[in-house]
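In: Sharing a sequence plus its predicted fold:
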Amino acid sequence: MGRLFGTDGVRGVANTELTAETAMAIGRAAAMVLIDSEKPRPKVIIGKDTRQSCNMLEAAMAAGLCSVGADVTLLGVVPTPAVAYLVKKYRADAGVMISASHNPCEYNGIKIFNGEGYKLSDELEGEIESIVLDGSRTPPAPVGGGVGRIYQCGTAVDDYVRYLVSAADVSLSGMKIGIDCANGSASATARKLFTSLGAECVIINDQPDGVNINAECGSTHIEKLAELVKKKKLSAGVAFDGDADRCLAVDEKGNLVDGDKIIAALALDMKNKGELKKGAAVVTVMSNLGLFRFFEENGIDAVTTKVGDRYVLEEMLNGGYVIGGEQSGHIILKNHATTGDGQLTAVKLLCLCREQGRKLSAIGDMMERYPQVIINVKADAEQKEKYNADRELAAVIDKAGKSLGRDGRILVRASGTEPLIRVMVEGRDFDNINRLAVSVADEIRSAINRAGEDA
């Protein structure tokens, strides 16, 4: 069995790759690690999104935690950032979120936060893995009063929404907002949040049935929200993913305002207010070239990391930066949160529109987005290893990158959470970058398939 933890917790197809047995074992191991490092009877909160498999995994995780002596409080359906916020508010020793974020309903995952609301360190994840996979330690088996208890929490949604409302700088009264909840966690919070801020809301995909999470909706399918905003003549639209830790927006014309444009607008506003510590924002190598040019033009430094919100946050903590994120809409506002929060991002973006008296299209258009082509090549773990070791492929990619000059670039990377190798090419000439992307993807596909046949 391979590593349990990827770049964003444990993830896999529920009941085959991520089983109840695995969840229970992770619960036991996590409790052991917490008992060693914190106190003899830790308190753990558990949240979940709307997938049908969440109840199964929640029950298994809770059972594992209780079997080693931890007390568990179940939050119900909440966004991932709610767990990160509430773990500290409720003075818990750890928080667990059962979710596979933007993935289809058959997937699920486990994310673990420490008592300060940050995802577990690589070292602690390694300890959990060694217990589960290698049997490095045997979990204790307390009896009688030593077994943990399970409690239900009825205040999680209200407490989290109050926190988001407190982060708003101005009222959204008078704004008509389209909201796509992706039939996920935001279904439990978005209406209460944005109506509390005074907005008139037109909400779609807020009727989860266990299998429709992220299905042709949410931040991965922004086109339906764009149609809604144009048809209803709304001020703007915001879309979340399954666990609401990401946000993408559309302006009043139905045009996409992606994570890069949101970061650009918020970072510049923070700079103008003297709130942008060290005059920098943290972004990943996948951020659009237009964002880097925007930063250059506005005197903002771009600190770059590899893809993954944990790497963005790590750099933010190490460098003392206050804003960072990804093109996908996973944005961390360090003055307010310890992880990416889609609804917090939406609140800040809409407040910026109201504060400046500008339409979202004007704010989004401040940054020129270079044409970008992304092609996903299917690849299992073995094929990813073959790709990483193929020097001929590396030379082909390097040559393609040099042909683009300063106004373009190519980035190829194996996904840390999905069985894919992503080929991203961007530049001013769409036809040219599209041709290059197809060519490089074909080369990768041929090489990894040929390697498999040779084996």
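Out: Looks like it arrived, so ask away. Numbering: from 1, shown residues only.
In: Strands along the stretch 201-350 of the chain, start to end?
Out: Listed in chain order, the strands of the stretch 201-350 of the chain (DSSP state E, counting those that start in this stretch) span 236-240, 247-250, 256-257, 280-284, 301-305, 323-325, 331-333.
In: Over to the stretch 51-200 of the chain?
Out: Ranges of strands in the stretch 51-200 of the chain, per DSSP E, counting those that start in this stretch, are 71-77, 94-98, 107-114, 150-152, 176-180, 200-204.
In: Show me how far the shortest one is from its chain's centre.
Out: This points to strand 150-152. The chain centroid and the centroid of strand 150-152 are separated by 27 Å under C-alpha atoms, centre = their mean, to the nearest Å.
In: Show me what it is packed up against.
Out: Helices and strands touching strand 150-152, as assessed by 3 or more C-beta pairs under 8 Å, 6 or more residues apart in numbering; DSSP states H and E, comprise strand 71-77. To be clear about C-beta, it is placed using only N, CA and C from the backbone, and glycine gets the same treatment.
In: Single out the most deeply packed of the strands of the stretch 51-200 of the chain.
Out: Ranked by mean neighbour count, the strands of the stretch 51-200 of the chain are led by strand 94-98 with a mean of 28 (mean count of other C-beta atoms under 10 Å).
In: Report the backbone C-alpha coordinates of stretch 356-364 in CSV.
Out: Provided in CSV are the C-alpha atoms of stretch 356-364 (Å, rounded to 0.1, in the frame of the first residue of the first chain):
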residue,chain,number,x,y,z
GLN,A,356,-14.9,51.0,-4.3
GLY,A,357,-18.3,51.5,-6.0
ARG,A,358,-17.1,49.5,-9.0
LYS,A,359,-18.6,46.6,-10.9
LEU,A,360,-16.9,43.3,-10.7
SER,A,361,-16.0,43.4,-14.4
ALA,A,362,-13.9,46.5,-13.7
ILE,A,363,-12.1,44.9,-10.9
GLY,A,364,-11.6,41.6,-12.8
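In: Check what contacts that stretch and list those residues.
Out: 235-236, 249-253, 255, 257, 261, 265, 269, 349, 352-353 (C-beta atoms under 8 Å, 6 or more residues apart in numbering).
In: List the beta-bridge partners for residue 422.
Out: Note on residue 422: beta-bridge partners residue 376, residue 413, judged by DSSP bridges.
In: so what's it up against?
Out: Taking C-beta under 8 Å, 6+ apart, we find residue 422 in contact with 374-377, 411-415.
In: Restricted to buried residues, select these in ChimeraX.
Out: Selection of buried members from the contacts of residue 422 for ChimeraX, criterion 16 or more other C-beta atoms under 10 Å:
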select :375,377,411,412,413,414
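In: Look up how far residue 326 lies from residue 242.
Out: The spacing between residue 242 and residue 326, counted by C-beta to C-beta, to the nearest Å, is 16 Å.
In: Compare these two (neighbour count), which wins?
Out: Neighbours were counted for residue 242 and for residue 326 using other C-beta atoms under 10 Å; residue 242 has more, 34 against 25.
In: Just give me the neighbour total for the spatially closest residue to the more buried one that is not a sequence neighbour.
Out: In this structure, residue 242 finds its nearest non-sequential neighbour in residue 184, 3.7 Å apart by C-beta to C-beta, 6 or more residues apart in numbering. As a burial measure, residue 184 scores 33 neighbours (other C-beta under 10 Å).
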